[in-house]
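In: Need a 3D model of the following:
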Amino acid sequence: MGIKLYKEPDLENPVLLACWPGIGNVGLVAVDTLRRMLEAEELGEIEPWDFFYPRKVLIRNGELKDLIFPENKFYFKRTEGKDLIFFIAEEQPALEGKAYAEGAKAYQMANLVLDVAVKFGCRRIFTSGAAIAATHHTMRPRVWAVPNASSLIPELRGYDNTILMSDIEGRGGEGNITGLNGLLLGVARTRGIEAICIMGEIPIYLQGFPMLYPKASKSVLEVLTQILGVSIDMSDITGFAERSEKEIDRLYGELPSEAKEQLDKLKDISQDKISEERIITEEDKKRILDDVDRFFRKDIKEDEN
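Out: Numbering: from 1, shown residues only. So this is what the prediction gives:
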């Protein structure tokens, strides 16, 4: 039980990129797109038995053949810039009734991921997810960054379209990262490994809906490729983001007029500052999100019918 490696390649100072499903699957889409575009090879996996229940069963010719568990796989790629290791997970080990990983199983998985990083000599780790922001879906999503060491701050401030979470107006220099994206940073710090979480902005009114948000994934991918010194064809994710935005525009146009009027104010927020309180009150936000929630539930029900 634990880690199962298929290969043991000789990698030079590799960087590890880890991601899990989350809001809008922002980080997952970004990191997995990079993996696919670079044609990374399978390296190994974390065996699922201690972490997950089966997702489904495999039946063939009327006979139950196997139990299908969430996959948690490692990949590797040698590049001219930096050698890379990817960890792509289909699920986070969460306690019953919880949406994100926490507790002993999450801590165990974080350490298993780091065991692989240490084995191959990784000196830096990236995780990626979504940042819920008072922004509008027509705006370019920014990338929020959180490092686990102060020495990384000057570097992160130098990247395009990137802001430290602690620098965002109204947060008082603080913030939190849910699930393994944050936990891995903390565990990496205790083991003396540099780690950074980069998160693409997703509008507050899209946070609760079962849809991907590739526009934020594209912003994350642009920053990742800049940091790693790799170049990929961005046309696929650009097209994905454009198609997604057209669908959001369609749904947005059918929102209650009062909700849309309030949300349109988010277009006026400066790209240098994010402060919900300057634009909408907590009461306004609750009413808006309730209106949006009712609308999307109605839309989903109609699609099912």
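In: all helices for the stretch 151-300 of the chain, in order.
Out: Here the stretch 151-300 of the chain has its helices, by DSSP state H, counting those that start in this stretch, at 153-157, 179-190, 214-228, 235-252, 257-264, 276-279, 282-304.
In: Least confident of those helices, on average?
Out: Lowest mean pLDDT within those: helix 276-279, a mean of 40.
In: quick one: the strands in this structure?
Out: Secondary structure of the chain, counting by DSSP state E: strands at 3-5, 15-19, 41-46, 56-60, 63-68, 72-77, 84-89, 124-133, 143-147, 162-164, 194-203.
In: ok and the third one relative to strand 84-89, angle-wise?
Out: Relative orientation of strand 41-46 and strand 84-89, computed by axes from the mean of the first three to the mean of the last three Cα atoms, to 10 degrees: 50 degrees.
In: and what of the second one?
Out: Strand 15-19 runs at 20 degrees relative to strand 84-89, counting by the same axes, to 10 degrees.
In: which other residues reach strand 15-19?
Out: 27-28, 30-32, 34, 82-89, 113, 116-117, 122-129, 180-181, 184, 224, 228 (Cβ atoms under 8 Å, 6 or more residues apart in numbering). In this view, the C-beta of every residue, glycine as well, is placed from N, C-alpha and C.
In: rerun that using 7 Å as the cut-off
Out: 27-28, 31, 82, 84-89, 113, 117, 122, 124-128, 184, 228 (Cβ atoms under 7 Å, 6 or more residues apart in numbering).
In: Show me how far it is from its chain's centre.
Out: 11 Å (Cα atoms, centre = their mean, to the nearest Å).
In: Each with direction, which strands does that strand pair with?
Out: strand 84-89 (parallel), strand 124-133 (parallel) (DSSP bridges).
In: ok, now how distant is Tyr252 from Ile232?
Out: Tyr252 sits 30 Å away from Ile232, going by Cβ to Cβ, to the nearest Å.
In: Counting neighbours, go ahead and name the busier of those two.
Out: Tyr252 (21 against 15; other Cβ atoms under 10 Å).
In: residue ranges with poor pLDDT in the chain?
Out: 1, 64-65, 94-102, 169-174, 268-305 (pLDDT under 70).
In: my guess is Ala110 meets Gly182, correct?
Out: No: using Cβ atoms under 7 Å, Ala110 is not in contact with Gly182, being 9.9 Å away.
In: and the nearest residue to Val26 once chain neighbours are set aside, what is it in contact with?
Out: Among residues not flanking Val26 along the chain, Ala130 sits closest, at 4.0 Å (Cβ to Cβ, 6 or more residues apart in numbering). Shown in contact with Ala130 (Cβ under 7 Å, 6+ apart): 22-24, 26-27, 199-200, 202, 216.
In: For Ala130, give the beta-bridge partners.
Out: The partner residues for Ala130, given DSSP bridges, come to Gly200.
In: still on that earlier bit, need the strands paired with strand 15-19 in TSV (columns: distance to Asn161).
Out: Compiled in TSV, the strands paired with strand 15-19 are given as follows (distance: least, Cβ to Cβ, whole Å):
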stretch	distance to Asn161
strand 84-89	22
strand 124-133	13
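In: between the ones you listed, which one is nearest to Val220?
Out: Closest to Val220 of the strands paired with strand 15-19 is strand 124-133 (Cβ to Cβ; 5.5 Å).
In: what's the spacing between the closest one and its chain's center?
Out: With Cα atoms, centre = their mean, you get 5 Å for strand 124-133.
In: ok, now stretch 244-257?
Out: 23 Å.
In: Next, the buried residues of that stretch.
Out: 244-245, 248, 251-252, 255 (16 or more other Cβ atoms under 10 Å).
In: Would you mind giving these as TSV with distance to Leu263 added?
Out: Below are the buried residues of stretch 244-257 laid out as TSV (distance: Cβ to Cβ, whole Å):
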residue	distance to Leu263
Ser244	17
Glu245	15
Ile248	11
Leu251	12
Tyr252	8
Leu255	7
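In: which one of those is nearest Arg140?
Out: Looking across the buried residues of stretch 244-257 and measuring by Cβ to Cβ, the closest to Arg140 is Glu245, at 11.2 Å.
In: how near is that closest one to Ala133?
Out: 16 Å.
In: Then Val146?
Out: In terms of Cβ to Cβ, Val146 sits 14 Å off from Ala133.
In: one step back: out of the strands paired with strand 15-19, which gets nearest to Met139?
Out: Nearest to Met139, of those and by Cβ to Cβ, is strand 124-133 at 9.4 Å.
In: Now the closest one: buried residues?
Out: 124-133.
In: Please look at Leu43 and Arg78 and confirm they touch.
Out: No: between Leu43 and Arg78 there is no contact under Cβ under 7 Å: 11.8 Å.
In: So for these two, which sits in the more crowded spot?
Out: Taking neighbours as other Cβ under 10 Å, Leu43 and Arg78 compare with Leu43 leading, 21 against 15.
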